[in-house]
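J.: show me the folded form of this:
(2 chains)
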Amino acid sequence: MSQKLQAPRGTRDFYPDEMRLRRWLFDHFEEVARRYGFEQIDAPIVEHEELFTRKAGEEIVEQLYHFELHDRRLALRPEMTPSLARMVLARSGSLRMPLRWFSLPQCWRYERMTRGRKREHYQWNMDIWGEPDVTAEAELIAAACDLLDRVAIPRGDVKIRINNRKLLEQTLAQSVLRERPERFAPLCVVIDKIDKIGPDAVLELLTDPGGEVALPPEDGRFVVDWLGLRDLGDALSSGPAHSSGGAELSRLFELLDAYGIADRVVFDASVVRGLAYYTGVVFEAFDTAGELRAICGGGRYDNLLETLGGRHTPAVGFGLGDVVIGELLADRNLLPDCTRELDALVFPFGETERRAAVGVATALRKQGLAVDLVLNEARLKRVLSDADHNGARRVYLLGPDELARGEVLVRDLQSGEQHTEPLAEPDGEPPHN
RNA sequence: GUGGGCGUAGCUCAGUUGGUUAGAGCGCCAGAUUGUGGUUCUGGAAGUCGGGGGUUCAAAUCCCCUCGCCCACCCCA
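T.: Coordinates of the predicted model:
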């Protein structure tokens, strides 16, 4: 096939087989969102590029799909949060807080591909606006856990690492960053890489005199040592005396215990996330086997609306992409067998019976059934074979004999049993989904 | 970006000392008489052997270039 006829690298076509799996996953996203009282929103996939450029060395900004059209600089959204913030800002006077909004945006990022990383993915976003308390974080983390349960990932195969940028910021504010608090965001962007490049490389970046952070070596060492903490108690005792960030974490873990998910979360001082706008609690889900990149990530971004010119509005959210969780499910053989489902197939033997067949199909469709009507003149053998192939439960057969008697012959494909029904009111069963 | 592997029918793949019309399984299509599927049997269609160039009497097979896919590393959400 000509290369120009292939989908661009890193993008996917969804044939019915794949689409059914996607539908299955999205149904779970939507159902969890519904159970937590979230309402769905959407926004344009194309935004003004400026909405996404934040100059903190974020990779997400460097990997924008962008283009210029009629003197406008536009970009495909690499994530949903800026669009969401834009929407909140536009109606900030009339929105009744707190808000619980979710979305299923397709997001784009131009980067080199590896396993679990494409240039396009669908990301389930769950956000709460207007709630400064960590009760919001707890609610979101619980929702993420519910999703993992719904797709049957064994408890323990995925855990959620939690940290609080505020705790780190408050710790560093008294020492390393006392003279340069503005370097905190770029510092977090660098720290985010620690899992991928290791502590030594992070130290190098932090202390690079030409870098955005440019810490003295001993200060860099202090930061990297801090990141090694995995026990909240240790972090609290070695942090500042009355850190609100530490107190938030203690409270959050308590709340998560109330949700019954204390065993699925861990404190990890090295988690900061790679986006500049996070201000407080940050978290990410990862597979405990360590085979994949983060499955889900999120956190609190209380200042984002202000940076767009709005009023200070607390907000917290997470994103969970379809690609990584799809890999995880495929690896564990947890993807369901989604077969096509069709309630009925209606078959007129010839054009003489078509009018009656249309009537049967219409009546069944009015009952809410999924009905395929054979559109051409076909042989019965072929029609039954098609019906079988397409997962139809019943076939409504209309030949000259049936028409003469004012009946339709109904064949159940599972049992092979047949019975007749009066043509006037064919008796479909309720839809099965 | 570097290294390695792969690219033959819709899919999974056979096919080397270069040698007639390039194969299998699955799938697809059509039959096995009159209006009955999932099984079986028979037959059929379908491939610029990823693309381009070169060597040769002759290339799926050898060489070069190129594109694409996979893995690892590098890099990075």
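J.: can you pull up the bridge partners for the residue nearest the centre of chain A?
T.: Geometric centre of chain A, nearest residue: A:Trp124, 2.1 Å, by CA atoms, centre = their mean. Here A:Trp124 sits in beta bridges with A:Leu320, as judged by DSSP bridges.
J.: ok, A:Glu248 - how many residues close by?
T.: 20 (other CB atoms under 10 Å). All C-beta spots, glycine's among them, are computed from the backbone N, C-alpha and C.
J.: average model confidence for the strand or helix carrying it?
T.: Element membership for A:Glu248 (DSSP states H and E) is helix A:244-258. Averaged across helix A:244-258, the pLDDT comes to 95.
J.: equivalent analysis for stretch A:124-137, please.
T.: Mean predicted confidence for stretch A:124-137 is 97.
J.: and stretch A:311-322, by the same measure?
T.: Per-residue scores along stretch A:311-322 average to 95.
J.: may I see the buried residues of it?
T.: Going by neighbour count (16 or more other CB atoms under 10 Å), the buried part of stretch A:311-322 is A:313-322.
J.: between the residues you listed, which is closest to RNA strand B?
T.: A:Gly319 (7.0 Å; CB to the nearest atom of the strand).
J.: what about that closest one, distance to A:Leu403?
T.: Distance of A:Gly319 to A:Leu403, given as CB to CB, to the nearest Å: 57 Å.
J.: with A:Arg112 instead?
T.: 63 Å.
J.: contacting residues around the closest residue to RNA strand B within the stretch 101-250 of chain A?
T.: The nearest approach of the stretch 101-250 of chain A to RNA strand B comes at A:Lys196, 3.3 Å away (CB to the nearest atom of the strand). Listed by CB atoms under 8 Å, 6 or more residues apart in numbering, the contact set of A:Lys196 is empty.
J.: is it in a helix, a strand, or coil?
T.: When states are read from DSSP: H, G, I helix; E, B strand; the rest coil, the local structure at A:Lys196 comes out as helix.
J.: from the contact counts, what lies against the longest helix along chain A?
T.: Ordering each helix of chain A by length in residues (DSSP state H) puts helix A:16-35 first. Using 3 or more CB pairs under 8 Å, 6 or more residues apart in numbering; DSSP states H and E, the elements in contact with helix A:16-35 are strand A:99-103, strand A:120-129, helix A:135-150, helix A:322-331.
J.: Throw the ones you listed into TSV and include distance to RNA strand B, thanks.
T.: As requested, the helices and strands packed on helix A:16-35 are exported to TSV (distance: least, CB to the nearest atom of the strand, whole Å):
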stretch	distance to RNA strand B
strand A:99-103	16
strand A:120-129	9
helix A:135-150	12
helix A:322-331	8
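J.: okay, these in TSV with distance to A:Leu364 next?
T.: Formatted as TSV, the helices and strands packed on helix A:16-35 follow (distance: least, CB to CB, whole Å):
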stretch	distance to A:Leu364
strand A:99-103	34
strand A:120-129	33
helix A:135-150	32
helix A:322-331	34
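J.: low-confidence ranges in chain A?
T.: A:1-5, A:55-57, A:425-433 (pLDDT under 70).
J.: what domains does the record give for it?
T.: A:17-39+A:118-331, A:342-422 (automatic domain parsing).
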